[in-house]
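In: Provided below are the primary sequence and the corresponding predicted coordinates.
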Amino acid sequence: MARQTTFTPAYAARTVGAWAVALLLFFPLGWLLLTAFKTELQAIAIPPELFFSPTLENFHEVQERSDYLHYAWNSVVTSVASTLIGLAIAAPAAYAMAFHKGKRDKDILMWMLSTKMMPAVGALVPIYVLAQKSHLLDTQLALIIVFTLSNLPIMVWMLYSAFKDIPNEILEAARMDGATLWQEASKVLLPLSLGGFASTGLLCLVLSWNEAFWSLNLTAAQGGTLATLIASYSSPEGLFWAKLSAASLMAIAPIVIFGWFSQKQLVQGLTFGAVK
Amino acid sequence: MNRLLPRLLLTPAVATLFLWMIVPLVMTIYFSVIRYNLMQPDQTGFIGLENFEYFVTDPSFGTAVINTLLLLGSVIGITVIFGVAIALLINEPFAGRGLVRVLLISPFFVMPTVNALLWKNMMMNPIYGVLAQVWMFFGATPVDWLTDHPLFSIIVMVSWQWLPFATLIFMTALQSMNREQLEAARMDGATYGQQLRYLYIPHLGRSVAVVVMIEMIFLLSVFAEIYTTTGGGPGDASTNVAFLIFKQALLNFDAGVASAGALFAVVLANIAAIFLIRMVGKNLDK
């Protein structure tokens, strides 16, 4: 957008207004960032200290006291595994519907979307009982299965819309030349839809990383993710805000940064393409 | 091969999703008509609609339904109104637009448990919280938000999370507006009020509907924010239907009653879902 912008009063007013709103909404996160580098005393000082010499002590202590890396590892494993497995199941389905059109494709897509509408709490008891019976409570595997399934509809939808932008002729040409299905998929389709795969994967990583309902209900100390670790700080054992902030910061930083890069695709994915 | 192959490729996704849908549903229906307490495994048997009766006549039920609707309505109202306002504000160029966008969207990527504890402690604590400091600065008595206004506090947390989502959607929609039409209206001397009334607001209609529907789906089962802050209290003051079901299932160990409640939640969500599916379905035909 190289449109010429002149410095008008309206331009100045918009700049001030927009920045005021943005800073106000970002304030809690900025505060969290500051508190993470304070000592516990500074964290609850009245009036709040804005200028202080930052300390890394909290990060160290969070790791010591609550084994941050253990939970972070669980978060990484569950979100990455559920994303990869989800892509592996969703891609063939999206391929079939995008390039081998069938009469019932639309119904299937709609039905998949409808499973996403089921509130998680509606399945709480059965899933809990199933996990308990199969000794999967408090394991990574339980979360991987649940995350994969709950993200699957979104993945199929996003990949389907990415594939639909690719002309069928290109794939047909490859088939004419005698390419096997695997060659067609890996040599032609994958390179052409890399962007679609990336944004689908990114969105599912974000959703799984931040998932709190199932991780709180199905896991604890063993298979718990960062969302459960942070929740364990809710019991009031005194004011450990600096440590809480450091732990929170470590829990959200990777995914917030991820999110900044994938914001546009995220919206497309969440609205199932209904807003362009 | 040509007929069979697509079906074969579809099967894993369709089969797993079908199981994911049907198994819990059938189990929930089954649990809802039997006596099933995780702590009393010896008491079993068909009891008809007793669980439903128990869940619905529980004094907490009415409160939970009202709280669910209040939470849903308030957050949707707040995010749509402020979302449209912010989107309109940042739609035209200004200094530092890219950075403002990044700042605005950030809360959406914060996991609900962090969101809840951040607000509960650093913002809303009646002594050390930022809000208490602001109140004291103006000579007012600090408010104990989570004790005195528990549901309102939850509404603030959830709105903070979802406002960026709404803003981003409206922003995306505004960018697809017909610029020539706008220029023409401006040339003809349309006031900003008239532009809003006849151009911007009608254009945003569809995306407002999408935001409302998507938020309905997610906000019907707000859970982590309540779990980590108020625990549904004081009393039932901030208990919604999702949290009530959780309490019945994992705190009272009554899986039967919880399942009856779950079916209620499913019906509630499906009413919302039907509209969304219709809307997206129309989009698919184009």
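Out: Okay, I see it.
In: Helices of the stretch 1-150 of chain B, residue ranges please.
Out: Using DSSP state H, counting those that start in this stretch, the helices of the stretch 1-150 of chain B run over B:4-32, B:50-57, B:59-89, B:97-105, B:112-117, B:130-137, B:145-148, B:150-175.
In: Tell me the buried residues in the longest one?
Out: Neighbour counts using 16 or more other Cβ atoms under 10 Å in any protein chain shown place B:60-61, B:63-65, B:67-68, B:71-72, B:74-76, B:78-80, B:82-84, B:86-89 of helix B:59-89 among the buried residues. The C-beta positions use only the backbone N, C-alpha and C, and glycine is treated the same way.
In: what about the spatially closest residue to A:P47 that is not a sequence neighbour, neighbour count?
Out: Of all residues not flanking A:P47 in the chain, B:Q133 sits nearest, at 6.4 Å (Cβ to Cβ, 6 or more residues apart in numbering or on different chains). Neighbours of B:Q133 under the rule other Cβ atoms under 10 Å in any protein chain shown: 15.
In: Am I right that B:Q133 is in contact with A:A45?
Out: No. Judged on Cβ atoms under 8 Å, B:Q133 makes no contact with A:A45 at a distance of 10.2 Å.
In: contacting residues for residue 56?
Out: I went with chain A, as the question did not name one. A:F37 (Cβ atoms under 8 Å, 6 or more residues apart in numbering or on different chains).
In: Can you look at chain B instead?
Out: B:F264.
In: can you check the one 3 residues further on too?
Out: B:P59 is in contact with B:D236, counting by Cβ under 8 Å, 6+ apart.
In: Distance of it relative to B:F253?
Out: 20 Å (Cβ to Cβ, to the nearest Å).
In: Give me the buried stretch members for the helix or strand bottoming out on mean pLDDT in chain B, please.
Out: Least confident helix or strand, chain B: helix B:255-285 with a mean of 79, by mean pLDDT, DSSP states H and E. Residues of helix B:255-285 classed as buried by neighbour count (16+ other Cβ under 10 Å): B:255-266, B:268-269, B:272-273, B:276-277, B:279-280, B:283-284.
In: What's the first helix or strand after the host helix or strand of A:L33?
Out: Assigned by DSSP states H and E, A:L33 belongs to helix A:9-36. Note on helix A:9-36: by DSSP H and E, the next helix or strand toward the C-terminus is helix A:40-43.
In: Please enumerate residues in contact with that next one?
Out: So helix A:40-43 is contacted by A:T35, A:E49, A:F52, A:L239, A:F240, A:W241, A:A242, A:K243, A:S245 (Cβ under 8 Å, 6+ apart).
In: do the strand or helix carrying the last one and chain B meet at all?
Out: According to DSSP H and E, A:S245 maps onto helix A:241-270. Yes. For a cut-off given as Cβ under 8 Å from any Cβ of the partner chain, helix A:241-270 has contacts with chain B, namely A:241, A:244-245, A:248, A:251-252, A:255-256, A:258-260, A:263-264, A:267, A:270.
In: Which among these count as buried?
Out: Buried among the residues of helix A:241-270 next to chain B by 16+ other Cβ under 10 Å: A:241, A:244-245, A:248, A:251-252, A:255-256, A:258-259, A:263, A:267, A:270.
In: hmm, which two among those residues are most spread apart?
Out: The span of these, defined through Cβ to Cβ, is set by A:W241 and A:V267 at 33.1 Å.
In: Flag the shaky bits of the chain, pLDDT-wise.
Out: Going with chain A. Chain A contains residues with pLDDT under 70 at A:1-6, A:235-239, A:269, A:272-274, A:276.
In: To clarify, I was referring to chain B.
Out: Those would be B:1-2, B:283-286, if you go by pLDDT under 70 across chain B.
In: which ones are touching the spatially most central residue of it?
Out: Geometric centre of chain B, nearest residue: B:L219, 1.9 Å, by Cα atoms, centre = their mean. B:L219 is in contact with B:L71, B:L72, B:V75, B:I76, B:V158, B:W162, counting by Cβ under 8 Å, 6+ apart.
In: now the angle from whichever strand or helix holds B:E215 to helix B:59-89?
Out: Under the criterion of DSSP H and E, B:E215 resides in helix B:201-219. Angle of helix B:201-219 versus helix B:59-89, following axes from the mean of the first three to the mean of the last three Cα atoms, to 10 degrees, is 140 degrees.
In: Helix B:201-219 to helix B:150-175, inter-axis angle?
Out: 140 degrees.
In: and whichever helix or strand comes after helix B:201-219, how far from the chain's centre?
Out: Using DSSP H and E, the helix or strand that follows helix B:201-219 in sequence is helix B:224-228. Distance, stretch centre to chain centre, for helix B:224-228: 13 Å (Cα atoms, centre = their mean, to the nearest Å).
In: Could you export helix B:224-228 as PDB, CA atoms only?
Out: C-alpha atoms of helix B:224-228 as PDB (Å, rounded to 0.1, in the frame of the first residue of the first chain):
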ATOM      1  CA  ALA B 224     -10.300 -22.600  32.500                       C
ATOM      2  CA  GLU B 225     -10.900 -18.900  33.500                       C
ATOM      3  CA  ILE B 226     -13.400 -20.000  36.100                       C
ATOM      4  CA  TYR B 227     -11.400 -23.000  37.300                       C
ATOM      5  CA  THR B 228      -8.300 -21.000  37.900                       C
END
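In: near chain A at all, it?
Out: Yes. Using Cβ under 8 Å from any Cβ, helix B:224-228 comes into contact with chain A via B:A224, B:Y227, B:T228.
In: what would those residues look like in TSV with distance to A:L149 and neighbour count?
Out: Output for the residues of helix B:224-228 next to chain A, formatted as TSV (distance: Cβ to Cβ, whole Å; neighbours: other Cβ atoms under 10 Å in any protein chain shown):
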residue	distance to A:L149	neighbour count
B:A224	19	25
B:Y227	22	22
B:T228	25	26
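In: Just name the closest of the residues you listed to chain A, please.
Out: The closest of the residues of helix B:224-228 next to chain A to chain A turns out to be B:A224 (Cβ to the nearest Cβ; 3.6 Å).
In: That closest one and B:P112 touch, don't they?
Out: Yes. Judged on Cβ under 8 Å, B:A224 makes contact with B:P112 at a distance of 3.7 Å.
In: Which neighbours do the two have in common?
Out: A:A212, A:A227.
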